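A.B. asks: let me see the structure of the following:
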Amino acid sequence: MSTVIKERLLEQLDALPEELQRRVLDFARALALSQPKGVPGAGLLKFAGAIPADDLRLMREAIDSGCERVDNEW
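C.D. replies: As a prediction, the model looks like this:
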């Protein structure tokens, strides 16, 4: 976070009563928890080629044959 943003945020917080400061803190915590978690794609490259080509072919065939139709039993 930039220093300017921190300074402006602190200025605004200082002007608020304690209850509103707590609400801002709760909001900031909620925002932090809502950030998506994951691994950058580059970190997954080590898994490239891990599934044998024959298995991939079988998976593709199963998807093609099982997902190309509508199941009206529900």
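
A.B. asks: what secondary structure does the residue nearest in space to the middle of the chain sit in?
C.D. replies: Nearest to the mean C-alpha position of the chain, by Cα atoms, centre = their mean, lies Pro36 at 2.3 Å. Under DSSP: H, G, I helix; E, B strand; the rest coil, Pro36 falls in the coil class.

A.B. asks: same question, the one 10 residues further on
C.D. replies: The local conformation at Lys46, judged by three-state DSSP, is helix.

A.B. asks: how much space separates it from Val39?
C.D. replies: Lys46 is 11 Å from Val39, where distance means Cβ to Cβ, to the nearest Å. Every C-beta, even on glycine, is put in place using the N, C-alpha and C of the backbone.

A.B. asks: do Thr3 as well
C.D. replies: Counting by Cβ to Cβ, the gap from Thr3 to Val39 is 30 Å.

A.B. asks: by contact count, what packs against the helix or strand hosting Arg60?
C.D. replies: Using DSSP states H and E, Arg60 falls within helix 53-66. Of the remaining helices and strands, none touches helix 53-66 by 3 or more Cβ pairs under 8 Å, 6 or more residues apart in numbering; DSSP states H and E.

A.B. asks: next one: that helix to chain centre, how far?
C.D. replies: 28 Å (Cα atoms, centre = their mean, to the nearest Å).
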